[in-house]
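# just coords:
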């Protein structure tokens, strides 16, 4: 396999973001192999042709070798599932011989070369980026950012990089196993999908490097301390360093409100937002039904409530009685939980 493999994980609803992800990566790293791990299926009449996408290779969820796949899928909502596959995909690529693997969330755009990450993997096994690199000062900002990190995880797992050495493979196996069983949005019980797990990583694994460059993984949760500037030649900086990649989390929803809150009135942030929205519009997904996700409904066509997924996850008797939780009929999980 090629030296550097970079993957993302998404459903078809995020395909516009995946396309921006791919085109910006291609611009800076045409030699990398780009992968999409897809946790979805095509709706009727929708065609997905990899040849028309800025992606080299596709892995569908059924190819990951997850035991008891239908049960496992049902336990997760779409965000949880697209996150849970990340450990499995990372382990798969390392097992296949990739020397260095980089994961980037689909709502990330790359603005400068990531060669420093590749170089760091020559001497480190795992690279993580903290949500914050320095303390905030304003009380509301502390609550949003520092206390937010205490709830959701110190490191943002929209990015992780791993080298194919014994400690890197050991990390990948551990993360795969934890995400296979415990990748849920359950903050009161100490879980936030994949992120809280990696709070353990610097303690559990000897080769973990904490990347403290403010140009990496810039987003609403750290913008207050990483002011964006645009140089006369068009190069963008964050906190005085070259902006490597920006994480446009929920850019059309609450994440955009947070970006505006911490932009400090600087027009550069709004220019980034305008650019990203334009790229998303350019890469809009034609023919995809609104709100599509193949695993969002029972076979009856009824939407699956979150509490049904939670009940199936928590109650062993339901898991044993209904091996196909999506199936319909009088003797089905849907009927039992809707009674």
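In hand now; what should we look at? All values reported here derive from a predicted model rather than from experimental measurement.
# all contacts plus neighbour counts: C-alpha atoms, from now on.
Noted.
# Could you verify my assumption that residue 10 touches residue 41?
No. The pair residue 10 / residue 41 is not scored as a contact, 11.2 Å apart, by C-alpha atoms under 8 Å.
# For those two, indicate the residue with more neighbours.
residue 10 (23 against 16; other C-alpha atoms under 10 Å).
# Return the set of residues that bridge with that one.
With DSSP bridges as the criterion, residue 10 is bridged to residue 38.
# Check residue 246 too.
residue 109, residue 218.
# What is the burial count for it?
Residue 246 has 19 nearby residues by other C-alpha under 10 Å.
# pretty sure it is touching residue 218, no?
Yes. Applying C-alpha under 8 Å as the test, residue 246 and residue 218 come out as touching, 4.8 Å apart.
# Quick one: the helices in the protein, in order.
15-28, 69-74, 78-95, 115-120, 139-141, 148-152, 166-182, 201-204, 254-261, 267-282, 306-314, 316-321, 333-338 (DSSP state H).
# mean pLDDT for these: which is lowest?
The minimum mean pLDDT among the helices of the chain belongs to helix 254-261 (a mean of 61).
# Could you state which residue of this structure sits nearest its centroid?
residue 105 (3.8 Å; C-alpha atoms, centre = their mean).
# quick one: that residue from residue 305, how far?
The gap separating residue 105 from residue 305 is 26 Å, by C-alpha to C-alpha, to the nearest Å.
# Can you list the low-confidence ranges for the stretch 101-250 of the chain?
250 (pLDDT under 70).
# now the strands for it?
108-110, 126-128, 159-163, 185-186, 191-192, 208-210, 228-230, 236-238, 241-242, 245-247 (DSSP state E, counting those that start in this stretch).
# Buried residues in stretch 106-121, which are they?
Using 16 or more other C-alpha atoms under 10 Å as the test for burial, stretch 106-121 gives 106-114, 117-118, 120-121.
# can you give me the offset of it from its chain's centre?
How far stretch 106-121 lies from its chain's middle: 15 Å, per C-alpha atoms, centre = their mean, to the nearest Å.
# Next: stretch 14-30.
The answer for stretch 14-30 is 14 Å, by C-alpha atoms, centre = their mean.
# what comes into contact with that stretch?
8, 10, 32, 34, 53-55, 106-114, 279-281, 283-285 (C-alpha atoms under 8 Å, 6 or more residues apart in numbering).
# still on that earlier bit, among the helices of the chain, which is nearest residue 3?
Judged by C-alpha to C-alpha, the one of those that comes nearest to residue 3 is helix 115-120, at 9.4 Å.
# Skipping adjacent residues, who's closest to residue 304 in space?
In space, and not counting its chain neighbours, residue 304 is closest to residue 297: 5.1 Å by C-alpha to C-alpha, 6 or more residues apart in numbering.
# Residue 73 too?
residue 81 (6.7 Å).
# wait, what's in contact with that neighbour?
Applying C-alpha under 8 Å, 6+ apart to residue 81 gives the contacts 39, 73, 183.
# could you redo those as TSV and give each row neighbour count and distance to residue 195?
Below are those laid out as TSV (neighbours: other C-alpha atoms under 10 Å; distance: C-alpha to C-alpha, whole Å):
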residue	neighbour count	distance to residue 195
39	24	19
73	21	19
183	27	9
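# Please identify which of those residues is nearest to residue 273.
residue 39 (27.1 Å).
# so who does that closest one touch?
Listed by C-alpha under 8 Å, 6+ apart, the contact set of residue 39 reads 9-11, 60-61, 81-82, 85.
# Pick out whichever of the residues you listed sits closest to residue 336.
Using C-alpha to C-alpha, these come closest to residue 336 at residue 81, 23.8 Å.
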